[in-house]
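Q: Predicted model, plus sequence, below.
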Amino acid sequence: MRPYFIIVSILVIVLGILLTIVDILWAWSFIIIVPFLVLGLYDVLQKQNNIWRNYPWIGHLKSLLVDNRDIAQNWLLENDREGMPFNNIQRNIIYKRSADAPQESPFGTQFNYYKEGFEWLLHSAAPIKLDGEDLRTLVGGPDCKHPYSCSILNVSAMSFGSISKTATMALNGGAKLGNFASNTGEGGLTKYHIHYGGDLIFQFGTAYFGCRDKDGNFDEGLFKQVVRHPNVKMVEMKISQGAKPGYGAVLPGPKNTPEISAIRDTVPYLTIVSPAGHTTFSTPVELMKFVKKMRDLSDGKPIGFKMCLGQPYEFLAICKAMLKTGIMPDFITIDGGEGGTGAAPFDSINWVGMPALDALVFAYDTLVGFDLKKHIKLFVSGKVVSGFQVVKYLALGADACYSARGMMFALGCVQAMMCNENTCPSGVTTMNPNLANGIVPEDKKLKVANFHNNTINSVKEMLGAAGLKNLDALNRKQIARRTTASAIKSLDEIHPYPETGCLLTENYPERWVKDMAMANPDNFHPNGWDYVEKDNKRDKALLINIT
């Protein structure tokens with residue numbers, strides 16, 4: 001194409017000059033011609049992009065299509081079941097519920113009931129109605145002074161910086177209207193989180209944003225000040241996140257505006273990479289002692305931690321530490337490896353972390369095995385967008401669910417897959433005020449509340465269809481899964497319940513024997529393995545220059 005472009009360019013210039021000689025008005029054509037010729041000449045001379053160099057000017061069409069292919073696929077090319085990570089059926093469920101629009105669908109299901117892995121609710125021939133049932137769970141163990149009555153569906157962790165200030169305000173406003181909680185994310189508590197007075201779960205991570213001193217260490221005084229805010233109902237420490245477990249959180253430079261950098265005490269417009277691990281504890285026992293410290297500093301509010309499960313023996317070691325110290329969290333959040341994020345390394349987002357279903361089953365069964373579940377609530381996060389997903393997770397052992405991307409769709413997200421680029425067209429995940437102002441919090445808070453309330457109503461309808469009077473009656477027996485083309489099993493057959501306290505004696509069930517032998521409450525490293533201890537220096541948040 002290069003030789004043809006040069007020949008055509010010369011011919012166009014010559015033709016333009018001849019036409020201008022005939023009629024001076026043709027000179028105006030150069031206003032259109034010259035920019036295209038300059039762009040094409042640049043393409044021919046530059047050396048970085050092969051397509052532009054070989055296909056001057058035309059190559060930019062390819063770049064335009066590639067940059068916007070996710071939007072084109074979502075809205076023009078995919079059928080209702082193909083879209084990833086959320087298909088059109090899932091997105092439409094959220095859009096309709098957030099708009100409080102009619103939610104009926106015609107002509108039957110588009111899913112294949114005979115596909116291996118398909119799941120459904122086992123209904124009853126004697127259904128009931130649960131109109132007045134309030135689906136909430138009380139979070140707070142024996143040492144908690146201020147238990148919190150929590151909705152079974154809440155806004156998952158999304159920090160200001162990861163999402164815009166208008167999105168943050170709308171989520172808080174929706175939580176206030178719908179009587180549920182919004183997680184602040186690990187970027188700190190800001191004025192946007194408390195704008196409408198909704199209930200909050202204050203989260204912090206390995207960089208201790210919102211509760212750290214000038215050297216990047218955990219600041220007890222600042223933590224105490226933040227968590228005693230009346231809108232903060234619970235406190236959650238993030239150990240790891242499903243989309244990037246074992247990695248530090250990332251805030252791309254373009255999103256680190258002066259306002260964000262002031263909140264996080266960093267340098268504007270530099271990419272922030274948080275440390276991979278915590279420095280306030282290094283063993284399971286130290287983790288439990290830090291849980292007690294947080295509880296004391298918060299004056300007894302519910303304290304929990306969030307983690308994506310990796311090595312099973314590490315979670316067992318944490319449970320052993322609870323028994324050894326007598327200290328327990330009030331809740332644990334299980335984040336699935338399929339969880340979302342604003343930015344994460346390619347390998348981490350695709351191939352690291354246990355999926356939510358398997359991790360939830362393991363965590364629940366382990367807590368029951370240690371006879372700890374009666375004191376600890378389990379939250380779960382991982383692509384929760386429908387009433388059935390809430391029902392399934394609750395049946396497997398969760399007490400409540402988080403939803404991040406479901407709430408983002410309620411705000412108007414179109415799954416453009418630009419969360420890390422500061423160019424989100426719907427204004428949800430951008431710090432660009434021109435785009436962020438596309439969200440009107442007064443309107444979107446209603447959408448968020450509608451999505452929550454209609455999803456909760458869907459859960460009530462499904463419980464009623466199964467003939468269950470309340471959440472306590474829900475268990476793994478109510479969910480069926482096709483395991484082969486000719487076999488169906490209930491989830492309690494696939495994931496049988498353990499006996500309460502079965503891990504308190506050394507005659508462990510076979511599935512736990514190996515990991516129980518490795519679990520060490522005094523070290524996250526397993527018993528019987530040799531490790532070289534690394535220097536325990538403060539690993540500060542890393543700032544990276546962007547070009």
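A: All right, it came through fine.
Q: isn't Pro441 right up against Gly174?
A: No - taking CB atoms under 8 Å as the definition, Pro441 is not a contact partner of Gly174, at 9.2 Å. To be clear about C-beta, it is placed using only N, CA and C from the backbone, and glycine gets the same treatment.
Q: which of the two has more neighbours?
A: Shown here are Pro441 and Gly174; by other CB atoms under 10 Å, Gly174 has more neighbours (29 against 22).
Q: give the contact list for that one.
A: 155, 182, 198, 407, 410, 444-449, 451-452 (CB atoms under 8 Å, 6 or more residues apart in numbering).
Q: Which of the helices or strands spans the residue lying closest to Ala101 once chain neighbours are set aside?
A: Nearest in space to Ala101, with sequence neighbours left out and distances taken as CB to CB, 6 or more residues apart in numbering, is Tyr95 at 7.9 Å. Tyr95 is located in helix 88-98, with elements delineated by DSSP states H and E.
Q: Name the residues of that helix that come out as buried.
A: Asn88, Ile89, Gln90, Arg91, Ile93, Ile94, Tyr95, Lys96, Arg97, Ser98 (16 or more other CB atoms under 10 Å).
Q: Off-centre distance for the helix or strand encompassing Leu357?
A: Following DSSP H and E, one finds Leu357 within helix 356-369. Its chain's C-alpha centre and that of helix 356-369 lie 20 Å apart, by CA atoms, centre = their mean, to the nearest Å.
Q: Over to stretch 375-383?
A: Distance, centroid of stretch 375-383 to centroid of chain: 13 Å (CA atoms, centre = their mean).
Q: any idea of the mean pLDDT for that stretch?
A: Taken as a whole, stretch 375-383 has a mean pLDDT of 95.
Q: again with stretch 226-239
A: For stretch 226-239, the mean confidence score works out to 97.
Q: What are the buried residues along the helix ranked longest in the chain?
A: If you go by DSSP state H, the chain has its longest helix at helix 441-465. Judged by neighbour count using 16+ other CB under 10 Å, the buried positions of helix 441-465 are 441, 444-460, 462-465.
Q: Give me the next element, helix or strand, following the helix holding Leu357.
A: strand 377-381.
Q: Output the below-cut-off pLDDT ranges for the chain.
A: The model of the chain has pLDDT under 70 over residues 1-5, 50-51, 53-54, 57, 60-84, 528-547.
Q: And for Thr341, the neighbour number?
A: 20.
Q: now swap in Asp365 and tell me
A: 22.
Q: Need the three-state assignment for the residue lying closest to Leu251 once chain neighbours are set aside.
A: Residue nearest to Leu251 in three dimensions, not counting chain neighbours: Ile272, with 4.3 Å by CB to CB, 6+ apart. Classification of Ile272 by DSSP: H, G, I helix; E, B strand; the rest coil places it in strand.
Q: Find the nearest non-adjacent residue to the residue nearest the centre of the chain, please.
A: Residue closest to the average C-alpha location in the chain (CA atoms, centre = their mean): Gly340, at 3.9 Å. Leaving out its chain neighbours, the residue that sits closest to Gly340 by CB to CB, 6+ apart is Arg405, at 5.0 Å.
Q: in terms of contact, does the one you found touch Ser381 like I think?
A: No - at 10.1 Å, Arg405 does not count as touching Ser381 under the criterion of CB under 8 Å.
Q: Among those two, which residue is more densely surrounded?
A: The neighbour comparison of Arg405 against Ser381 (other CB under 10 Å) goes to Ser381, with 29 against 23.
Q: For that one, give me its contacts.
A: Contacts of Ser381 were listed using CB under 8 Å, 6+ apart, and they are 156, 242, 306, 333-336, 339, 356, 401-404.
Q: Excluding sequence neighbours, find me the nearest residue to it.
A: Tyr402 (3.9 Å).
Q: Mind telling me what element the one you found is part of?
A: Applying DSSP H and E as the criterion places Tyr402 in strand 400-403.
Q: what's the very next helix or strand once past that strand packed up against?
A: Toward the C-terminus, strand 400-403 is succeeded by helix 405-411 as the next helix or strand (DSSP H and E). Here helix 405-411 touches helix 88-98, helix 165-178, helix 441-465, going by 3 or more CB pairs under 8 Å, 6 or more residues apart in numbering; DSSP states H and E.
Q: Kindly calculate the angle that the helix holding Tyr95 makes with helix 441-465.
A: Angle, helix 88-98 to helix 441-465, by axes from the mean of the first three to the mean of the last three CA atoms, to 10 degrees: 110 degrees.
Q: Show me what helix 88-98 is packed up against.
A: Applying 3+ CB pairs under 8 Å, 6+ apart, one finds that helix 88-98 contacts helix 405-411, helix 441-465.
Q: could those helices go into JSON lines alongside distance to Val291?
A: Output for the helices and strands packed on helix 88-98, formatted as JSON lines (distance: least, CB to CB, whole Å):
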{"stretch": "helix 405-411", "distance to Val291": "28"}
{"stretch": "helix 441-465", "distance to Val291": "29"}
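Q: The ones you listed: which one's closest to Phe111?
A: helix 441-465 (16.1 Å; CB to CB).
Q: got a list of what Ile456 touches?
A: Applying CB under 8 Å, 6+ apart, the residues near Ile456 are Leu135, Ser151, Ile152, Leu153, Gly387.
Q: One more: Leu396?
A: Leu357, Leu360, Val361, Tyr364, Arg476, Ile479, Leu491, His495.
Q: what's the nearest residue to the fourth one once chain neighbours are set aside sitting at in phi/psi?
A: Here the nearest residue to Tyr364 in space, its sequence neighbours aside, is Gly397; by CB to CB, 6+ apart that works out to 3.0 Å. In terms of degrees, to the nearest 10, the main-chain angles of Gly397 are phi 140, psi -10.
Q: quick one: Gly397 from Asp492, how far?
A: For Gly397, the distance to Asp492 (CB to CB, to the nearest Å) stands at 11 Å.
Q: cool, Glu314 as well?
A: 26 Å.
Q: returning to what we had before: and the contacts of Leu396, which is closest to Gln415?
A: Looking across these and measuring by CB to CB, the closest to Gln415 is Leu357, at 22.5 Å.
Q: burial measure for that closest one, as a count.
A: Neighbours around Leu357, by other CB under 10 Å: 19.
Q: give the contact list for it.
A: Leu357 touches Gly336, Gly382, Lys392, Tyr393, Leu396, counting by CB under 8 Å, 6+ apart.
Q: Okay, the first one and Arg91: tell me how far apart.
A: If I follow you right, that is Gly336. 19 Å.
Q: for the second one, same thing?
A: To Arg91, Gly382 is 17 Å away according to CB to CB.
Q: go on, the fourth one?
A: Summarising the geometry, the distance separating Tyr393 from Arg91, computed by CB to CB, is 20 Å.
Q: same question, the third one
A: The gap separating Lys392 from Arg91 is 19 Å, by CB to CB.
Q: re the thing from before, out of Glu314 and Asp492, which sits in the busier spot?
A: Shown here are Glu314 and Asp492; by other CB under 10 Å, Glu314 has more neighbours (20 against 15).
Q: Where does the more buried one fall, secondary structure wise?
A: helix 312-325.
Q: do Pro329 as well
A: Using DSSP H and E, Pro329 maps to neither a helix nor a strand.
Q: picking up where we left off before, kindly indicate which of the contacts of Ser381 lies nearest Asp265.
A: Lys306 (22.8 Å).
Q: Let's verify the closest one: helix, strand, or coil?
A: With three-state DSSP as the criterion, Lys306 reads strand.
Q: what sits opposite it in the beta ladder?
A: Lys238, Thr333 (DSSP bridges).
Q: check contacts around the residue nearest to Ser381.
A: Leu153, Asn154, Val155, Ser156, Ala157, Asn183, Thr333, Phe379, Val380, Ser381, Val384.
Q: Check the gap between it and Phe281 for me.
A: 24 Å.
Q: same deal with Gln103?
A: The value you get for Gln103 to Phe281, if CB to CB is used, is 46 Å.
Q: Compare those two and say which one has the larger neighbour count.
A: Phe281 (19 against 13).
Q: give me the element that one is part of.
A: Here Phe281 is assigned to no helix or strand, by DSSP H and E.
Q: which ones are touching it?
A: Counting by CB under 8 Å, 6+ apart, Phe281 has contacts Leu287, Lys289, Phe290.
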